[in-house]
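Visitor: structure, please.
(chains A, B, C and D)
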Number of protein chains: 2
Amino acid sequence: MFSKACEYGVKASIYIALNSYDGKRVSLKAIAKEIDSPEAFTAKILQKLAKHQIIQSVKGAYGGFEIPKNKIATFKLSQIVNAIDGDTIYTGCGLGLHICDENHPCPVHDTFKLIRTELKDMLESTNLEQLALDIKSGACFLKL
Amino acid sequence: MFSKACEYGVKASIYIALNSYDGKRVSLKAIAKEIDSPEAFTAKILQKLAKHQIIQSVKGAYGGFEIPKNKIATFKLSQIVNAIDGDTIYTGCGLGLHICDENHPCPVHDTFKLIRTELKDMLESTNLEQLALDIKSGACFLKL
DNA sequence: TATAAATAGGATAAAATTATCCGAATTAAA
DNA sequence: TTTAATTCGGATAATTTTATCCTATTTATA
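Guide: Numbering: from 1, shown residues only, chains lettered A, B, ... in the order given. From the prediction side, this is the model:
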């Protein structure tokens, strides 16, 4: 569904948010360990998230990544996905046609439209706070 | 959403079905031209579909690909997708966790479950005949 | 039977994605 | 001011996906 980079990005964001609630800044190393991802690759993804202003990076000793507490609830899952995978998942044609719309639909246009709309709605109605709280409560996991 | 191979597979199946209704067998060349796909790559995909008995290949001069008329309506979109991409799209975890189920869910497990179930239902309730008829009637397109 | 039109399938190449390495720059603390 | 911890970012490598090439095999027809 999503690229691996995107999966890592979502998991990293959740972990950073979780720690930011406690006023803790987390390092790349800690993140990669916690979400079970390759360190250097994760670094690239964090840079991308930082450029999209979803997370903030602090260089130097005692540096790391954080998200301002009061912003955590404002970030939607869709923003994270968009930052890394773009929006092709809910805008692109299900069969890869260059043009695919109401006037010139591909054979699966209508059926896929429903799914994609729901996916979009879901990504837009889920925010980082909800996801982080599920980890905090122990209801969900970031690695298994 | 789906791999390019899978997109080509679906489009090829539709085009073959469409022609099979007219008793016409179609060649790799004609298929690739019609669905705007690379010929040799498409050949591999057709081989896979043939091995999964979704299409039938006929070797030699005047050979090509076809689907028995009376079988067209029995093939679900899900079978084509499965033959090429497997079932990870509706079984795999949205965040790529190795284990992700009701007891040990990832943070997006519940929200994604809905989408994936719908996707699965949609793929299973759409058959090749429906798709082919939409092309025949001119309501939909295989390339654009 | 010879020929031409096809698919089958192995080998290889190109492109995209994922992953690693390493030096430069930054920064808090000793 | 030196040191150590850390992110940044460019270069490169490995893997996967997509695409191409070529030979063998099959088969209808002349």
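Visitor: all helices of chain A, in order?
Guide: For chain A, applying DSSP state H gives helices covering A:4-21, A:28-35, A:39-51, A:69-72, A:77-85, A:88-91, A:109-125, A:128-136.
Visitor: so for B:Lys136, which of those helices sits nearest?
Guide: Of all the helices of chain A, helix A:109-125 sits nearest to B:Lys136, with 16.0 Å by Cβ to Cβ. Any C-beta I mention is one placed from the backbone N, CA and C, and that applies to glycine too.
Visitor: contacting residues around that closest one?
Guide: A:76-78, A:81, A:89-91, A:93-94, A:100-102, B:1, B:111-112, B:114-115, B:118-119, B:122, B:126, B:140 (Cβ atoms under 8 Å, 6 or more residues apart in numbering or on different chains).
Visitor: what subset of the residues you listed is buried?
Guide: In terms of neighbour count (16 or more other Cβ atoms under 10 Å in any protein chain shown), the buried residues within these are A:76-78, A:81, A:89-90, A:93-94, A:100, B:1, B:111-112, B:115, B:118-119, B:122, B:126, B:140.
Visitor: what is the burial count for the residue of chain A with the smallest separation from DNA strand C?
Guide: Proximity of chain A to DNA strand C (Cβ to the nearest atom of the strand) peaks at A:Gly60, 1.9 Å away. Using other Cβ atoms under 10 Å in any protein chain shown as the criterion, A:Gly60 is surrounded by 6 other residues.
Visitor: and the helix or strand of chain A at the bottom of the mean pLDDT ranking, anywhere near chain B?
Guide: The helix or strand with the lowest mean pLDDT-type score in chain A, counting by mean pLDDT, DSSP states H and E, is helix A:88-91 (a mean of 87). Yes - contact of helix A:88-91 with chain B (Cβ under 8 Å from any Cβ of the partner chain) involves A:Ile89.
Visitor: need the contact list for A:Ser3.
Guide: With Cβ under 8 Å, 6+ apart, A:Ser3 has these contacts: A:Ile84, A:Asp85.
Visitor: ok, how many other residues are close to A:Gly138?
Guide: 7.
Visitor: which other residues reach the least confident helix or strand of chain A?
Guide: In contact with helix A:88-91 (Cβ under 8 Å, 6+ apart) are residues A:Met1, A:Phe2, A:Val81, A:Arg116, A:Thr117, A:Leu119, A:Lys120, A:Leu123, B:Met1.
Visitor: how about stretch A:50-59?
Guide: A:12-13, A:16, A:25, A:46-47, A:49, A:63-68, A:75, A:79-80, A:82-83.
Visitor: what does stretch A:95-107 give?
Guide: Outside stretch A:95-107, the residues touching it (Cβ under 8 Å, 6+ apart) are A:93-94, A:108-109, B:4, B:7, B:10-11, B:14, B:131, B:134-135, B:139-144.
Visitor: and chain A, which residues reach DNA strand D?
Guide: When proximity is defined as Cβ under 7 Å from any atom of the strand, chain A approaches DNA strand D at A:27-29, A:40, A:43-44, A:46-47, A:50, A:57-65.
Visitor: just the buried ones from the contacts of stretch A:50-59?
Guide: A:12-13, A:16, A:25, A:46, A:49, A:64-67, A:75, A:79-80, A:82-83.
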